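Participant: Coordinates for the following, if possible.
(chains A, B and C, ligands or ions: 6)
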Amino acid sequence: MLTKAHTLEALVHGRKPGHSLDAPFYTSPEVFEADMEAIFYRHWIYVGIEPDVPEPGDVATVNIGKASVLIIRDDDNQVRAFHNVCRHRGARLIDEEKATVGNLVCRYHSWTYGLDGRLMHAPHMGADFDASCKGLKPVHLRSLEGLLFICLADNPPEDFDDVAARMAPYIAPHKVRETKIAYQSDLIEKGNWKLTIENNRECYHCEANHPELTVPLFAYGFGFAPEEMDPLDLENAQRYDALRKTSHAEWESMGLPSREIEELDSRVTGFRTERLPLDGDGESHTMDTRAACRIPLGAFTNAKLGGLSFWTQPNSWHHFLGDHIVTFSALPLDEGHTLVRTKWLVNKDAVEGVDYDIANLIEVWTATNQQDAALVEMCQRGAENPAYEPGPYSPNTEMLVEKFQRWYIGRMAAYLGS
Amino acid sequence: MLTKAHTLEALVHGRKPGHSLDAPFYTSPEVFEADMEAIFYRHWIYVGIEPDVPEPGDVATVNIGKASVLIIRDDDNQVRAFHNVCRHRGARLIDEEKATVGNLVCRYHSWTYGLDGRLMHAPHMGADFDASCKGLKPVHLRSLEGLLFICLADNPPEDFDDVAARMAPYIAPHKVRETKIAYQSDLIEKGNWKLTIENNRECYHCEANHPELTVPLFAYGFGFAPEEMDPLDLENAQRYDALRKTSHAEWESMGLPSREIEELDSRVTGFRTERLPLDGDGESHTMDTRAACRIPLGAFTNAKLGGLSFWTQPNSWHHFLGDHIVTFSALPLDEGHTLVRTKWLVNKDAVEGVDYDIANLIEVWTATNQQDAALVEMCQRGAENPAYEPGPYSPNTEMLVEKFQRWYIGRMAAYLGS
Amino acid sequence: MLTKAHTLEALVHGRKPGHSLDAPFYTSPEVFEADMEAIFYRHWIYVGIEPDVPEPGDVATVNIGKASVLIIRDDDNQVRAFHNVCRHRGARLIDEEKATVGNLVCRYHSWTYGLDGRLMHAPHMGADFDASCKGLKPVHLRSLEGLLFICLADNPPEDFDDVAARMAPYIAPHKVRETKIAYQSDLIEKGNWKLTIENNRECYHCEANHPELTVPLFAYGFGFAPEEMDPLDLENAQRYDALRKTSHAEWESMGLPSREIEELDSRVTGFRTERLPLDGDGESHTMDTRAACRIPLGAFTNAKLGGLSFWTQPNSWHHFLGDHIVTFSALPLDEGHTLVRTKWLVNKDAVEGVDYDIANLIEVWTATNQQDAALVEMCQRGAENPAYEPGPYSPNTEMLVEKFQRWYIGRMAAYLGS
Ligand code: FES
Ligand code: FES
Ligand code: FES
Ligand SMILES: [Fe+3]
Ligand SMILES: [Fe+3]
Ligand SMILES: [Fe+3]
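Facilitator: Residues are numbered from 1 along each chain as shown, chains lettered A, B, ... in the order given. Ligands and ions are numbered 1, 2, ... in the order given. The predicted structure follows:
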């Protein structure tokens, strides 16, 4: 019953399709290192939004494993990203998650960098010192209609621009750039980042675990086994399917692309999107299914826009509603801990306490996040057990978990072959 | 003075007889892994008692290293053991140490197992899914007159039944199955599990460290160097020896086997037992040496039954008195931490506050456990010191420590040779 | 941008002169192990002062990595050092940092050692036991005018006596043996020990970080780039240089050796010393630059003696003033944590509250230590970042950092070649 030592190659090539992964993928520090190198240091990673740095001089720090990156808005309103490391003796430049600066001055010996990364001043370095090659190291950054993705590799995956072109029409109407962060939560899940993502890619667990989330979400949207349903259930499911089709048609006629695009495991920058009808009043992810914010996003006049969801490999998911956006990033800390960062965005003109109430705004996903964290921890504990072995995915409700695994295994194989 | 890197083989085969072990046996994470695989995942491990799960549907969880096992009493009153891992995506099924359930329902996606481990329900898995091969994985379990031993190996050591046959007559009169747990303490010792066991296998340290334990226990019962004793001491020792012999004869005539069996290092499932006279009033392990519980165990009518001790390799020791039982398991957590779980059992008909007082019942061993924990920590700190080297055992007072080491080294050699 | 796995050999031989070290030197547990073996277990390590054990029977424990050493004053007033490990089963003998004992009695089984380390009593070990070869293991110890250095190697570096001969005339007048510890602080810096030492070997960071320390210290004493100074600055710098020369001549005429000796990277036991003039009233490292203690050290009658500094490789620095001494040791805990132990010494006849006020005495270095700890942590965080790469040292202000690195790399190379 004991886990034999496996090479990463053997683990990757020995993955059993349709099943959860072998234990070391969740528990081994060596696999975690490989995940960082192969996945998080080479792919486009969702890290935040333009409203994280609304004004020139605003800085946000984001940590990905041991890497720390500065997201900066420069004086020309351009958002840039740099490694958070001084080029002198390597001090971390900014420790706080948010800051506002004129220039970037290292606290150690006062080396001073412009918001464009250029080394402007390095005292006592002598006449022979060439400051021009000691600017901050840049990090690749793309803004997809206000969603910020970075890539730590020298040569980022080239398909991002295509993904952005496909997704921009879906996201643009929600006008991320004209929002503000109403609330942010940082939750450390006691599990491997892949368990966080697997959990995110199915709603098989929703009925038993998410009493709040299943208020606005239709259970039928997440797969079921037709042969297990009674006639009433089946009729409801068919009614839901019809609603989805008519809603898509209606929303698209309003200029809101809504139909599913599913390219989760067929490209390097895997993603999926679809706009889904909501239950009840159908307006938002709230306990009363009504809008949480009185001022809608963008130019919306109709409150019943359902919820546009957007998932990316390896680390993000987002729900764009008519009145607010909830946007999530999963950031690995070590093989057994993952930071889930959640931001609730509202129209930047909305006034807290007047136009929206934070408790109401965040109730559904705060509860859901905590429930998911407990589930992820249960799976981590299970994977650590020497008796664990990969188990089968449901062909009806865990297809997207399987697609995540296929993407992950494919990317690891590509890394090992490179 | 520095510790060289050693292979496990070199360490095992280079052990110096009559001496404490080389430092890596206490400090190395790699040796700890090997200890888990060779010792704790292959031998019979004492984990608790039938009264841990007194009623059908009662569940107790026990963790051995990273393994987690469910002890369950089924509806037919049979006690069973299963790995605490869901066969779907591997979630830990039960986190609590004690629970009572109808069936075992995984919280994640509601897979439902019977108390016999059978998978009864797995929603949405589709028509092709074969539930019959996805029952909970069983763990070997034996009850030795109510003491529960499990073995995580596929093929457990076969000599357990012989040990049980030898020990049953000693233990049966104390009627473990008809007790209840009056009190349980979980103490994490900051030391390797072998230091916990070494400490348990000698009373060389009792005089200087255990003022409470040495009230009921005769000092002479634990070895001494005759040439260091004055005439008065020697006379007392001889008197003690005579008492032991007459007591054995008396108890055996009452149907209580009492003479020593010592097979600590001569079999796979090493063990030792003996019934020893107690000091003072001679009734129990209490500060006044009188019974702590007014209702005796089993059918006892005579209070002066001494104390029947039972030690097993690798991880348990027990004291059966006329009025109560104290039973200990050592469960390794990592190379530097060990859980010592102690349970005080009394007749299940005894009423707390009327028939027994918990403070009085647990006083001697609560103090003793804490003293031992401090000693084990001192030795762990010492073993971590690069200047540590194995030191000699006393031929008069540490013979049983040496027997533990011989058993351990022998089992490790067998593992490496297999 | 990722750190490749490096062998220690490749790291040592690939060091880029004039630059900070490659990341693994700061972050790798394996390099830390090598640092312990090659540097801290083989060189003379500063651990304290004779006044740590003022009376016979006084014991001080010092931990270097996993090693623990007892510093003991015996009944003949000789200071000795022993490994803090019982020769029986290896228990740590003394846990407290300071104790006073008659003999050294192991708490476990009462083995008893004299203050000279001899095993005096080992009960129950039998007639064949030879106590004469089971005394405490001695550790090499030298007192340099009251400063205590130990070496854990069997064959310590032989050049210590020469260093002592060179340094004794500088230190002797401050009469360390006739002081007492007015205050001690133990601060755990969250960084590798080499970052602690690098930080200690330059004042490039003083202006921006040490508002208290730069009150008594002249900025010009720590290097600057002449071409970056305005005429006023240059004139001040020249004035300082002249002051240093006249001060040296004056102090040496008083019998106080003052001129620089710099042998940081040219010998095994690298060191540097110089007596430097102080700013303001020029008496002490205090916020008002006046003496903190009314009773001077030794036989001093003149309060303006500047500050005699003494630095040793790998782990100490000291400032000897006219009225008090501040003495520092850096003791590695793991690759990312270092204990900085600071002691403030005053004349043993001085009375707290009458002759000196502790808050005033410790203000400058307490603030400075905390500031340095924050800087060291910033660099540790930076070195952990995969984007870190070694950066250039200032040829004007970081020469002594470079000398530390040359010494360190040289010693590692010698270790690897041995
Ligand atoms: S480390 Fe940044 S200025 Fe020196
Ligand atoms: S993991 Fe247990 S039901 Fe899914
Ligand atoms: S370990 Fe010190 S006396 Fe036994
Ligand atoms: Fe969920
Ligand atoms: Fe004990
Ligand atoms: Fe400093």
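Participant: Where is the longest helix in chain A?
Facilitator: Counting by DSSP state H, the longest helix found in chain A is helix A:358-384.
Participant: How about it and chain B, any contact?
Facilitator: Yes: shown here: helix A:358-384 in contact with chain B (C-beta under 8 Å from any C-beta of the partner chain) through A:Leu375, A:Met378, A:Cys379, A:Arg381, A:Gly382, A:Ala383, A:Glu384. C-betas here are computed from N, CA, C, even on glycine.
Participant: Can you name the helix or strand that A:Leu243 falls in?
Facilitator: Assessed by DSSP states H and E, A:Leu243 sits inside helix A:231-253.
Participant: buried residues in that helix?
Facilitator: Judged by neighbour count (16 or more other C-beta atoms under 10 Å in any protein chain shown), helix A:231-253 contains these buried residues: A:Ala237, A:Tyr240, A:Leu243, A:Arg244, A:Ser247, A:His248, A:Glu250, A:Trp251.
Participant: quick one: which of those residues is nearest ligand 1?
Facilitator: A:Trp251 (51.9 Å; C-beta to the nearest ligand atom).
Participant: Wait, the closest one touches A:Leu276, no?
Facilitator: No: the pair A:Trp251 and A:Leu276 fails to qualify as a contact (C-beta atoms under 8 Å) at a distance of 10.4 Å.
Participant: any common contacting residues for those two?
Facilitator: Common neighbours of A:Trp251 and A:Leu276 are listed as A:Gly306 (criterion: C-beta atoms under 8 Å, 6 or more residues apart in numbering or on different chains).
Participant: rewinding a little: take the buried residues of helix A:231-253 and write them to TSV, including pLDDT.
Facilitator: Below are the buried residues of helix A:231-253 laid out as TSV (pLDDT from 0 to 100):
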residue	pLDDT
A:Ala237	88
A:Tyr240	91
A:Leu243	94
A:Arg244	94
A:Ser247	96
A:His248	97
A:Glu250	96
A:Trp251	97
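Participant: Redo those residues as CSV? Include distance to B:Ile72.
Facilitator: Below are the buried residues of helix A:231-253 laid out as CSV (distance: C-beta to C-beta, whole Å):
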residue, distance to B:Ile72
A:Ala237, 37
A:Tyr240, 40
A:Leu243, 45
A:Arg244, 44
A:Ser247, 48
A:His248, 50
A:Glu250, 54
A:Trp251, 52
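Participant: Give me the average confidence score over stretch A:406-416.
Facilitator: For stretch A:406-416, mean pLDDT rounds to 97.
Participant: which residues touch A:Ala383?
Facilitator: Per C-beta under 8 Å, 6+ apart, neighbours of A:Ala383: A:Ala23, A:Tyr26, A:Thr27, A:Asn192, A:Leu195, B:Gly90.
Participant: from these, which is closest to ligand 3?
Facilitator: Of all these, ligand 3 sits closest to A:Thr27, with 36.7 Å by C-beta to the nearest ligand atom.
Participant: returning to what we had before: could I have the PyMOL command that selects the buried members from the contacts of A:Ala383?
Facilitator: Only the buried entries of the contacts of A:Ala383 go into this PyMOL selection, using 16+ other C-beta under 10 Å:
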select buried, (chain A and resi 23+26+27+192+195) or (chain B and resi 90)
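Participant: just checking, which of the contacts of A:Ala383 belong to strands?
Facilitator: Secondary-structure check on these using DSSP state E: no residue lies within strands.
Participant: I am assuming A:Pro156 contacts A:His140, so please confirm or correct that.
Facilitator: Yes: using C-beta under 8 Å, A:Pro156 is in contact with A:His140, at 4.8 Å.
Participant: which residues in the stretch 151-300 of chain A form strands?
Facilitator: Remark: strands assigned in the stretch 151-300 of chain A by DSSP state E, counting those that start in this stretch are A:179-189, A:261-263, A:271-276.
Participant: Pick the most buried one from those strands.
Facilitator: strand A:271-276 (a mean of 21; mean count of other C-beta atoms under 10 Å in any protein chain shown).
Participant: what sits against A:His337?
Facilitator: A:His337 is in contact with A:Ile188, A:Glu189, A:Lys190, A:Gly191, counting by C-beta under 8 Å, 6+ apart.
Participant: what does A:Phe328 give?
Facilitator: Applying C-beta under 8 Å, 6+ apart to A:Phe328 gives the contacts A:Asn200, A:Ser316, A:Trp317, A:His318, A:Val340, A:Arg341, A:Thr342, A:Lys343.
Participant: So which of those sit within strands?
Facilitator: Judged by DSSP E, the subset of those located in strands is A:Ser316, A:Trp317, A:His318, A:Val340, A:Arg341, A:Thr342, A:Lys343.
Participant: Tell me the pLDDT of the last one.
Facilitator: The model reports A:Lys343 with a pLDDT of 98.
Participant: one step back: compare the strands of the stretch 151-300 of chain A and report which one is nearest to ligand 2.
Facilitator: In terms of C-beta to the nearest ligand atom, the element of the strands of the stretch 151-300 of chain A nearest to ligand 2 is strand A:179-189, at 15.9 Å.
Participant: Partner strands of the closest one, with direction?
Facilitator: strand A:337-347 (antiparallel) (DSSP bridges).
Participant: Compute the distance from the centre of the strand it pairs with to the centre of its chain.
Facilitator: Distance of strand A:337-347 from its chain centroid, counting by C-alpha atoms, centre = their mean, to the nearest Å, is 8 Å.
Participant: next one: stretch A:238-248
Facilitator: Centre-to-centre, stretch A:238-248 and its host chain are 28 Å apart (C-alpha atoms, centre = their mean).
Participant: Then stretch A:371-382?
Facilitator: Using C-alpha atoms, centre = their mean, the offset of stretch A:371-382 from its chain centre is 19 Å.
Participant: Which residues outside that stretch are in contact with it?
Facilitator: Contacting residues not belonging to stretch A:371-382 are listed as A:26-27, A:187, A:189-192, A:195-196, A:198-200, A:205, A:209-210, A:336, A:338, A:340, A:388, B:68, B:84-86, B:89-92, B:95, B:107-108 [C-beta under 8 Å, 6+ apart].
Participant: Mind checking which of those are in helices?
Facilitator: Among these, the members falling in helices (DSSP H) are A:Tyr26, A:Thr27, A:Leu195, A:Thr196, A:Glu198, A:Asn199, A:Asn200, A:Asn209.
Participant: Tell me the span between the first and last residue of stretch A:199-211.
Facilitator: End-to-end distance for stretch A:199-211, by C-alpha to C-alpha, to the nearest Å: 16 Å.
Participant: For it, buried residues please.
Facilitator: For stretch A:199-211, by 16+ other C-beta under 10 Å, it's A:Asn199, A:Asn200, A:Arg201, A:Glu202, A:Cys203, A:Tyr204, A:His205, A:Cys206, A:Ala208, A:Asn209, A:His210.
Participant: now stretch A:377-388
Facilitator: For stretch A:377-388, a neighbour-count test (16+ other C-beta under 10 Å) marks A:Glu377, A:Met378, A:Cys379, A:Gln380, A:Arg381, A:Gly382, A:Ala383, A:Glu384, A:Asn385, A:Pro386, A:Ala387, A:Tyr388 as buried.
Participant: Take those and write them to JSON lines, including pLDDT.
Facilitator: Formatted as JSON lines, the buried residues of stretch A:377-388 follow (pLDDT from 0 to 100):
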{"residue": "A:Glu377", "pLDDT": "98"}
{"residue": "A:Met378", "pLDDT": "98"}
{"residue": "A:Cys379", "pLDDT": "98"}
{"residue": "A:Gln380", "pLDDT": "98"}
{"residue": "A:Arg381", "pLDDT": "97"}
{"residue": "A:Gly382", "pLDDT": "98"}
{"residue": "A:Ala383", "pLDDT": "98"}
{"residue": "A:Glu384", "pLDDT": "97"}
{"residue": "A:Asn385", "pLDDT": "97"}
{"residue": "A:Pro386", "pLDDT": "96"}
{"residue": "A:Ala387", "pLDDT": "97"}
{"residue": "A:Tyr388", "pLDDT": "98"}
